[in-house]
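Engineer: let me see the structure of the following:
(one chain, ligands or ions: 1)
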Amino acid sequence: MHRVTSCCLRTLARHCSYQFTRKAMVAATQKLDTLSRTRALNAHLSRTVSKRRLCISHLEEKDTEALSTREQRLLDNLYDGLISGHRASLAEAITLVESTHSRKRELAQILLQKVLSHHREKELLNCGKPLAFRVGLSGPPGAGKSTFIECFGKMLTAQGHKVAVLAVDPSSSTSGGSLLGDKTRMTELSRDMNAYIRPSPTRGTLGGVTRTTNEAILLCESGGYDIVLVETVGVGQSEFAVADMVDMFVLLLPPAGGDELQGIKRGIIEMADLVVVTKADGDLLIPARRIQAEYVSALKLLRKRSKNWRPQVVRISSKSGEGIPELWQKMRDYENNMFASGELVARRRSQQKVWMWNLIQENVLLHFRNHPMVRDQIPMLEERVLSGVLPPGLAADMLLKAFSGRS
Ligand SMILES: Nc1nc2c(ncn2[C@@H]2O[C@H](COP(=O)(O)OP(=O)(O)OP(=O)(O)O)[C@@H](O)[C@H]2O)c(=O)[nH]1
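Structural biologist: Take a look at the predicted model:
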């Protein structure tokens, strides 16, 4: 503003000293006019900005204001228990974020906001280093995931780490049954006081499971768990969802023939920061070596996912424990490289954005499908598209018009 004023006066003086003509007068008047308009615009902008600030803080505080004394006490107790590392509080907090009850979801968001600011403070004290290392573990059924997590988790807790294991099983939302419920997994680790194992909820869409898993990760971290393992138990899209939640994505493959590995999507191999060939012991050692060599060659052909890390293939046996300390060392190297280069923090930031947009996408679609003007028309329009009477584009336009209230 100051610069504009002095510039304006300088122009005016220049015009006055040379020739005080009508032209100069007009130019000076125009400048002054612009100046007052700029002032008015700036005043308007600052009013708008303060109104928006007020609006955002009102939005953030709206729910807090509406808390009853009982709810406030519940959240305070949960938060205190959580950051003191009480397992019961962690379990209760995860149950809260998994709830589909609207008020409980609001309470969960208030708790998460508090947890996030606790994270920020601790990360600042830790020179910006995240509180925990998040590792995604995926692989076909029977690859040896749970046996590996049991062995690996025990090694980590023996070294003084606190390990949380979250299992994502969205297949249960469509099939109604839970893969996790079928058998007892990781029995020894589940008895370890420095380990916390939690299966994902058995209902809801993949998006819903993703949301609660992401939120459960944050809660585990505030409970002092410095290593969070996210295992995908289901098959399909869940591996991609998990790859978007973690710092490092690890693919476990059994030493099986080509046919058994057919189900693994090429895309998921591209997501892997580390490929682990499991069961490399006894009779399976030779096939494990072969699979390792095959994947070493295959990875060379794939596009590099990171500038700072080249995916590697390692061999382990959870039965004998061989290769597991070396595997952990590779994971640590990865974490250090990625943190030092800034890629780890950048990846987390972009994951937050992906997470937000995924939630919006899912909710908007749900809202669209359930809209009274749309819901009843969907079966009929789908039918007409299927029979070739109606072009899909026209059907989509009709539904979108109905949704937006245009006939
Ligand atoms: N020889 C050998 N067998 C193993 C090893 N790890 C796991 N297994 C066996 O492989 C089978 C499958 O192991 P799990 O750990 O249940 O595999 P998973 O990937 O968790 O399977 P899902 O729960 O179906 O996804 C079991 O019979 C294990 O005993 C290993 O290191 N060596």
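Engineer: so where's the stretch 301-407 of the chain uncertain?
Structural biologist: By pLDDT under 70, the low-scoring segments of the stretch 301-407 of the chain are 406-407.
Engineer: all strands of it, in order?
Structural biologist: Ranges of strands within the stretch 301-407 of the chain are 312-315, based on DSSP state E, counting those that start in this stretch.
Engineer: enumerate the residues of it near the ligand.
Structural biologist: 317, 318, 319 (C-beta under 6 Å from any ligand atom). (C-beta placed from N, C-alpha, C; glycine too.)
Engineer: please enumerate the helices of the stretch 51-200 of the chain.
Structural biologist: 69-83, 87-98, 102-125, 145-158, 171-175, 187-191 (DSSP state H, counting those that start in this stretch).
Engineer: can you list the residues of the stretch 301-407 of the chain next to the ligand in a markdown table and add neighbour count?
Structural biologist: As requested, those are exported to a markdown table (neighbours: other C-beta atoms under 10 Å):
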| residue | neighbour count |
| --- | --- |
| 317 | 22 |
| 318 | 22 |
| 319 | 15 |
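Engineer: could those residues be laid out in TSV, adding distance to residue 114?
Structural biologist: Compiled in TSV, these are given as follows (distance: C-beta to C-beta, whole Å):
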residue	distance to residue 114
317	43
318	38
319	43
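Engineer: gap between residue 146 and residue 250?
Structural biologist: Using C-beta to C-beta, to the nearest Å, residue 146 is found at 14 Å from residue 250.
Engineer: so in terms of bridging, what pairs with residue 165?
Structural biologist: Counting by DSSP bridges, residue 165 is bridged to residue 197, residue 229.
Engineer: okay, now it: neighbour count?
Structural biologist: 26 (other C-beta atoms under 10 Å).
Engineer: may I ask you to confirm that it is in contact with residue 197?
Structural biologist: Yes. Here residue 165 reaches residue 197: they are 4.5 Å apart, a contact under C-beta atoms under 8 Å.
Engineer: what's the overlap in contacts for those two?
Structural biologist: Residues touching both residue 165 and residue 197 by C-beta atoms under 8 Å, 6 or more residues apart in numbering: 186, 189.
Engineer: okay, residue 253 and residue 297: tell me how far apart.
Structural biologist: Taken as C-beta to C-beta, the span from residue 253 to residue 297 is 14 Å.
Engineer: these two: which is more packed in?
Structural biologist: residue 253 (26 against 9).
Engineer: let me see the contact set for the residue nearest to that one when sequence neighbours are not counted.
Structural biologist: Leaving aside its chain neighbours, residue 253 sits nearest to residue 277 (5.6 Å; criterion: C-beta to C-beta, 6 or more residues apart in numbering). Applying C-beta under 8 Å, 6+ apart, we find residue 277 in contact with 253, 254, 255, 288, 291, 292, 295, 313, 314, 315, 316.
Engineer: measure residue 277 to residue 330 for me?
Structural biologist: Here residue 277 is placed at a distance of 13 Å from residue 330 (C-beta to C-beta).
Engineer: intersection of neighbour lists for these two?
Structural biologist: residue 314.
Engineer: domain parsing for this structure?
Structural biologist: Domain assignment for the chain by automatic domain parsing gives 2-65, 68-128, 129-341, 353-403.
Engineer: now the end-to-end length of the last one.
Structural biologist: The straight-line separation of the ends of domain 353-403 (C-alpha to C-alpha, to the nearest Å) is 27 Å.
Engineer: same thing with the second one?
Structural biologist: Taking C-alpha to C-alpha as the measure, domain 68-128 stretches 35 Å from start to finish.
Engineer: sorry, back to before: buried ones among the contacts of residue 277?
Structural biologist: Of the members of the contacts of residue 277, the ones counted as buried by neighbours, 16 or more other C-beta atoms under 10 Å, are 253, 254, 255, 288, 291, 292, 295, 313, 314, 315, 316.
Engineer: now do the helix or strand hosting the fourth one: everything it contacts.
Structural biologist: Residue 288 belongs to helix 285-301 when assigned by DSSP states H and E. Contacts of helix 285-301 from elsewhere in the structure, counted by C-beta under 8 Å, 6+ apart, are 253, 255-257, 269, 275, 277-280, 311-315.
Engineer: nearest to residue 93, of those?
Structural biologist: Distance ranking of those against residue 93, using C-beta to C-beta, places residue 278 first at 33.0 Å.
Engineer: pretty sure residue 281 sits against residue 319.
Structural biologist: Yes. With contact defined as C-beta under 8 Å, residue 281 reaches residue 319; the gap is 5.4 Å.
Engineer: quick one: name the residues of the stretch 101-250 of the chain near the ligand.
Structural biologist: Taking C-beta under 6 Å from any ligand atom as the criterion, the stretch 101-250 of the chain approaches the ligand at residues 139, 141, 142, 143, 144, 145, 146, 147, 233.
Engineer: just among these, which is most surrounded?
Structural biologist: residue 145 (26 neighbours).
Engineer: now do the same contact list for it.
Structural biologist: Taking C-beta under 8 Å, 6+ apart as the criterion, residue 145 is in contact with 137, 138, 139, 231, 233, 252.
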